[in-house]
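**Student:** Build me a model from this:
(2 chains)
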Amino acid sequence: MSPLLPQASNEAVEIDYLILALVLASAAILALVYGLILVYMFRYHAGSKAARGAPSRKSWRFEIAWTLATMAVFFGLFLWGADLYVRLFQAPADALQIYVVAKQWMWKAEHVGGQRELNALHIPIGRPVQLVMTSQDVIHDFSVPAFRIKRDVLPGRYQSLWFQADRPGAYKLFCTQLCGAGHATMTGEVFAMTAPAFEQWLGGARTTTVAGASMASEGEALFMRLGCSGCHGAHGEGASGAIRAPALIGLYGSRVRLTSGATAVADDRYIRDSILEPDKEIVAGFEPVMPSFAGQIDEEQLMRLDAFIKSLRNGATP
Amino acid sequence: MTDVLADQAEGSYLTDGFTLRSWLLTTDHKRIAILYLGAITAFFFIGGIAAAVMRYNLISASGRLGSADLYNRLFSMHGVVMVWFFLVPAVPATLGNFLAPLMLGARDLAFPRLNLLSWYLFMAAGFTALYALIAGGVDTGWTFYTPFSSLYSNGYVIATVTAIFIAGFSSIATGLNFIVSIHKLRAPGMTWHKMPVFLWSLYATSVIMALATPVLAMTLLLLAFERLFHVGVFDPAVGGDPLLFQHLFWFYSHPAVYIMILPGFGVISEIVPCFSSKELFGYKFVVWASIAIAVISFLVWGHHMFVAGESLYSALLFSLLSYAVAVPSAIKVFNWVGTMHKGYIRFDAPMLYAIAFIGLFTMGGLTGLFVAALAADVHLTQTYFVVAHFHYVMVGGMVSAYFAGLHFWWPKITGRMYPEMWGRAAAIIIFAGFNLTFFPQFILGYLGMPRRYASYPAEFEPLNLLSSAGALVLAIGYLLPLLYLLWSLLYGDKAPANPWSATGLEWKTPSPPPTENFPETPLVTQPPYQYPLAEAVSHE
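**Tutor:** From the prediction side, this is the model:
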């Protein structure tokens, strides 16, 4: 099929096939309904002498038959759409992570290397990219039609969206959730680049960012400044002496046992909540002594702290 | 107008008192229906004018109005007025009010004073909404998503949700009145399966109204509290959940779609058999499909949130249930088409509107499958595809059905015939204008044009221009009935009791009916739709 809209991601082709199937199924049903109406209008209009014969007497066989046929077609379409959605929902573990903060009315993206951009997003092709997104105010929505992707960006939580672009180019980025007067201007461009071009862009953009620091190292500076190191250790290795706070090294992605007896996966959400609402999920063996940082740090700082803790996942300091 | 009505010689409900007081304090369901008809028509044109200005703005990519904020307020009021002050009440409050007792063979509804009260509530709500509109409007869209509506919007959110809150009580009162009337006031012999489908559909609608509307009231109350006192229900900064509002809102608003469309199904189920001179094909299936829709409609709200952040498993479940609710709708379409088979089809205006309804509703329903299919929804939702989809269902479907019903029962309501040629011409113009307006929006949506944009990238301009041109045709189509129906009040031919040779108790009393509806209570011995070509099957 020759698409009206560029198919710039892996998913785009698959979603277009699903939409094509829906178009064909709909066209067939429409043709049947309109066709029969037109035929009946023509053949059985009041003045027509068409032989009508005896009226058909039973209808339940028809009813059961077309109800079952409809259900079968619908169930098939459901399975198809659901299968694709499930795959789109779960990001591969090795995806390149990029942080996105939305606010009235702009998109702010930050790469792990510390490169920041506004209303633009540079990504490599041929590699899964995962966006970790949050909003500073109202609900926004990150939508790139050429990739056939879209996800609401909510305040107070991280939303994840992943895709793999496979064709270099510049593609329109829209906010598709009504977010106020500037809603229609909250647009931008996604630049999909070959891997070498992307590396080169990262290098070039690096020099333009503040102090050329990576997200993780900025997060570490913040970690020191906010006093986190007093309990968690200077490099997140856990405090010496009296154990007041869990070690952060190797934390990201691990399962954490809580005092409630439950376990939690230490993902982006867990880290975010532990900083803002430390009393909610207390790690087994520790006292709930950590103060909340809600209202003291903004979304971008939170994401840098998140990036710092993530960088400790292999036990190495940044 | 009074002297015109005076010549409805032999004492009809229209000649039973000519003072303003006799209208404003009436408890006659037929007069209350007329009061609603006036109010609802006014709201339809207010909402329509907002739509026309929006289509004018979208003619050029940069937006002709020059103000994004003004545009946001326009589409918000368009949505609020059209949904709560036209689509939800239109068929139940006008046609339903007028016809339910007549079709039941009753003197009036079960609670005539409650019926008048619900009109006053509706008017109070309407004036509150107009106040909000004149004071400056609201910029949240008709969906009021938090935290935009609760913390960030600078529009008249409180006034607008107050209007909807009050309208909700009107809706609940009407629903309860219909439920009790249908249970208690059926004429002797009218068993459940001898009841016309229109009454069944009113019944199903009323159940949704009575059960879902309180959830809306609660949601709007929470929203108002959040905005006034910042209680933190929806604000994540203090532990609230922005998605909670969407869950609560759609728990009402998805069933509300069926409040809007089920009465339309009822209207079409009366008209197609009449103008095919044939029994409704599969009466019981059509009836139980209405009930099935009413029940399943409560279980599908989550399909509005496939990209909003709900869990994978709830998305899968809501998608499956959304397909399930489409099945009974499909059954109805097949049965209407089946009814036309081997009929003697007449093409009077009500039938043309009904045929337009079947086509447009089918289109709207089928495109619903696109947004119910999870992965396809990810691409299509929040774009013009969705705008086109729900306008096919709501405007192409529900408004066509309303017009079909209005023309069908106009002689009964007013005692006058409308000019048939004009009626047919308007039906065809509306059908053409509608498709020209909304079909391009499916393509715009696929191409990725987001909804609620005051300005847009230049490549979307040609299709938008086409859509705006269609809106002009549609506007002419909607003005025509206003003019010729008013004309018919003065100059239309006097209507006989049963101009369409229809079955149904409402046609067995004069046009317009006397205040007491029937001189003596009718006795029902036959199933409905005993047209000459009726199938010789009993419904029992």
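**Student:** Where does pLDDT dip in chain B?
**Tutor:** Residues of chain B meeting the criterion pLDDT under 70: B:1-10, B:534-540.
**Student:** longest helix of it?
**Tutor:** Assignment by DSSP state H gives helix B:242-276 as the longest helix of chain B.
**Student:** What helix or strand is A:Ser143 located in?
**Tutor:** Following DSSP states H and E, one finds A:Ser143 within strand A:140-144.
**Student:** re the thing from before, also compute the angle for the helix or strand following the longest helix of chain B relative to helix B:242-276, please.
**Tutor:** Downstream of helix B:242-276, the next assigned helix or strand under DSSP H and E is helix B:283-296. Compare the direction of helix B:283-296 with that of helix B:242-276 by axes from the mean of the first three to the mean of the last three CA atoms, to 10 degrees and you get 170 degrees.
**Student:** tell me what helix B:283-296 is packed against?
**Tutor:** helix B:197-229, helix B:242-276, helix B:312-340 (3 or more CB pairs under 8 Å, 6 or more residues apart in numbering or on different chains; DSSP states H and E). Bear in mind the C-beta positions are built from the backbone N, C-alpha and C, glycine included.
**Student:** Most tightly packed of these?
**Tutor:** Ranked by mean neighbour count, those are led by helix B:242-276 with a mean of 25 (mean count of other CB atoms under 10 Å in any protein chain shown).
**Student:** how much does that helix deviate in direction from helix B:197-229?
**Tutor:** Using the same axes, to 10 degrees: helix B:242-276 against helix B:197-229 is 160 degrees.
**Student:** Show me what counts as buried in stretch A:83-96.
**Tutor:** A:84-85, A:88-89, A:91, A:95-96 (16 or more other CB atoms under 10 Å in any protein chain shown).
**Student:** Would you convert those into CSV that also reports secondary structure and distance to B:Val386?
**Tutor:** Below are the buried residues of stretch A:83-96 laid out as CSV (DSSP: H, G, I helix; E, B strand; the rest coil; distance: CB to CB, whole Å):
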residue, secondary structure, distance to B:Val386
A:Leu84, helix, 19
A:Tyr85, helix, 17
A:Leu88, helix, 19
A:Phe89, helix, 21
A:Ala91, coil, 26
A:Ala95, coil, 29
A:Leu96, strand, 31
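**Student:** From B:Thr146, how far out is the residue in the stretch 151-300 of chain A positioned nearest to chain B?
**Tutor:** Nearest residue of the stretch 151-300 of chain A to chain B: A:Gly156, at 2.3 Å (CB to the nearest CB). Distance, A:Gly156 to B:Thr146, by CB to CB, to the nearest Å: 11 Å.
**Student:** Quickly list what's touching both of these two.
**Tutor:** B:Pro242 (CB atoms under 8 Å, 6 or more residues apart in numbering or on different chains).
**Student:** returning to what we had before: name every strand pairing with the strand holding A:Ser143 and say which way it goes.
**Tutor:** With DSSP bridges as the test, strand A:140-144 is paired with strand A:149-153 (antiparallel), strand A:169-175 (antiparallel).
**Student:** May I see the buried residues of the last one?
**Tutor:** By neighbour count on 16+ other CB under 10 Å, the buried set for strand A:169-175 is A:171-175.
**Student:** Can you name the residues of the stretch 101-250 of chain A that neighbour chain B?
**Tutor:** Neighbours of chain B within the stretch 101-250 of chain A, by CB under 8 Å from any CB of the partner chain: A:104, A:137-139, A:141, A:143, A:145-146, A:148-152, A:154-157, A:159, A:172, A:174-185, A:187.
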